[in-house]
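Engineer: Here is my input, please return the structure:
(one chain, ligands or ions: 1)
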Amino acid sequence: MKKIKCLITAGPTREHFDPVRYISNPSSGKMGWFIAQASKEFGWDTTLVLGPSALPNIDGVNVERVVSAEDMLSVCRKHFDDCHILIMSAAVSDVRPKMFINHKAKKNEIDLNPQLERTPDILLTLSKEKGNKVLIGFAAETQNVLEYAKGKLEQKNLDAIVANNVGQASTGFASDDNKIDVILRTGEVIDFPQASKKELANSLIKFLSDRFFK
Ligand code: C5P
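Structural biologist: Residues are numbered from 1 along each chain as shown. The predicted structure is shown next:
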């Protein structure tokens, strides 16, 4: 039996406008970190591309630490060709400042109306070279969760998308629990009841293995 190679992203990205200031979001990286641990324990060859996070490395997992969306894209590209499944759970910042000042800006140097630009959409970029790979996205929303998630599944040419409502403290960005629904291309929605992120990660990997690699 071939050994499945799994590429996972987790955590936020940081988009700096000087060495000490940035745009980011409150993602802790926990969900993707537990998915990487579950993937390894399931016997998959696992690479975790982790944005800035206090979480430690995981024995037996190739952990690559990155800062910005641009870094995350380039490290993902390095591993993408070789993987069977990409699970993109990172909360990539959608925008970044256009300008970067390469020293700590003095207060009066800071532009109070900074120009922003979009970061690269990593999943959309990689989905153009999908081939036979299984692509799994995440949709963190605070409203119309299932509807928005279905839109992204189509737009990014995914095999499945994991929808979660980050508008509730108990299942939000930095919490220990989560509640997810997995939406497949067939339109099927699989409800995973609220549980710890560790338990959900194990259930998700088992589900993906049964669904895509049996
Ligand atoms: O479009 P939206 O950001 O909501 O889509 C969520 C999915 O797209 C997630 O899997 C996320 O990791 C991925 N994404 C990405 N690059 C971005 C923004 C989101 O790969 N710049």
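Engineer: Need the mean per-residue confidence for the longest helix seen in the chain.
Structural biologist: If you go by DSSP state H, the chain has its longest helix at helix 197-212. Averaging pLDDT along helix 197-212 gives 97.
Engineer: Now do the buried residues in that helix.
Structural biologist: Residues 197-205, 208-209, 212 are the ones in helix 197-212 that count as buried (16 or more other C-beta atoms under 10 Å). For every residue, glycine as well, the C-beta is placed using N, CA and C.
Engineer: how about CSV for these, with distance to the ligand added?
Structural biologist: Formatted as CSV, these follow (distance: C-beta to the nearest ligand atom, whole Å):
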residue, distance to the ligand
K197, 16
K198, 20
E199, 21
L200, 16
A201, 15
N202, 20
S203, 18
L204, 13
I205, 16
L208, 14
S209, 19
F212, 17
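Engineer: Can I get those in JSON lines including distance to E188?
Structural biologist: Below are these laid out as JSON lines (distance: C-beta to C-beta, whole Å):
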{"residue": "K197", "distance to E188": "23"}
{"residue": "K198", "distance to E188": "25"}
{"residue": "E199", "distance to E188": "22"}
{"residue": "L200", "distance to E188": "18"}
{"residue": "A201", "distance to E188": "21"}
{"residue": "N202", "distance to E188": "21"}
{"residue": "S203", "distance to E188": "16"}
{"residue": "L204", "distance to E188": "15"}
{"residue": "I205", "distance to E188": "18"}
{"residue": "L208", "distance to E188": "14"}
{"residue": "S209", "distance to E188": "17"}
{"residue": "F212", "distance to E188": "13"}
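Engineer: Return the closest of those residues with respect to N157.
Structural biologist: Distances from N157 to the buried residues of helix 197-212, taken as C-beta to C-beta, are shortest for F212 (15.0 Å).
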